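Peer 1: sequence first, predicted model second:
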Amino acid sequence: MGSTSAQSLTLALLIASMLGGSMAYKGWGWGQGYNYSHWGHGHVYHHPNSTQGPNRINVGGSENWHFGFNYTKWAINHGPFYLNDILVFKYDPPSSNNTHPHSIYMLPDLASFVNCNFSQARMLASTTQGADEGFEFKLKSWQPYYFACGESNGYHCSNGGMKFLVVPVLRGWNF
């Protein structure tokens, strides 16, 4: 299998597993007390993000955007994300007591995301843009979005967990 075919297969598997994991009914786990009598009776799970209009989602919740947090796990636990939702990245700007500033980059593909390779990445927000109300990014297309912190030559991405991917879905899909 060529490297392009392997990358395509890996991307397809990653997207399928993320969609499945991020859209799964969180109450279906063992020992969580789900009432199975609802099956087949029109019961539809409504995730907290299932509002009628776009959601404003603070990336990392109350933890904001910082080193040492698992944003991939956060994205799986807080999905699905919908087209036109707005991701808000909040982080402290550089200062004399904040010697490890952060930024937001969009990586071009899965290989760059996995390897924290920023050679073809596009900066979305500088180290100062996450202050106050944060940097906002609207999920405008049905595509994978690969986000990462590019500071310290990719160290925040590769060792600090500051990366995640999102594949927005159409609003109104009930999972």
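Peer 2: Cool, got the structure. These numbers come from a predicted model, not from an experiment.
Peer 1: what about stretch 131-148, how long is it end to end?
Peer 2: Start-to-end span of stretch 131-148 (Cα to Cα, to the nearest Å) is 17 Å.
Peer 1: going forward, count from 45.
Peer 2: From this message on, residue numbering opens at 45, which makes the last subject stretch 175-192.
Peer 1: could I get the buried residue list for it?
Peer 2: Neighbour counts over stretch 175-192 (16 or more other Cβ atoms under 10 Å) mark 178, 179, 181, 183, 188, 189, 190, 191, 192 as buried. Placement of C-beta: from N, CA and C, glycine included.
Peer 1: could you identify the pair within those that is furthest apart?
Peer 2: Largest separation among the buried residues of stretch 175-192 by Cβ to Cβ: 178 and 188, giving 22.2 Å.
Peer 1: which stretches in the protein count as helices?
Peer 2: Per DSSP state H, the chain carries helices over the ranges 47-67, 115-122, 154-159, 199-202.
Peer 1: hey, least reliable of those helices by pLDDT?
Peer 2: Mean pLDDT is lowest for helix 47-67 out of the helices of the chain, coming in at a mean of 47.
Peer 1: per-residue pLDDT, residue 205?
Peer 2: 91.
Peer 1: and for residue 177?
Peer 2: pLDDT at residue 177 comes out at 89.
Peer 1: now do residue 144
Peer 2: In this model, residue 144 is scored at 79, pLDDT.
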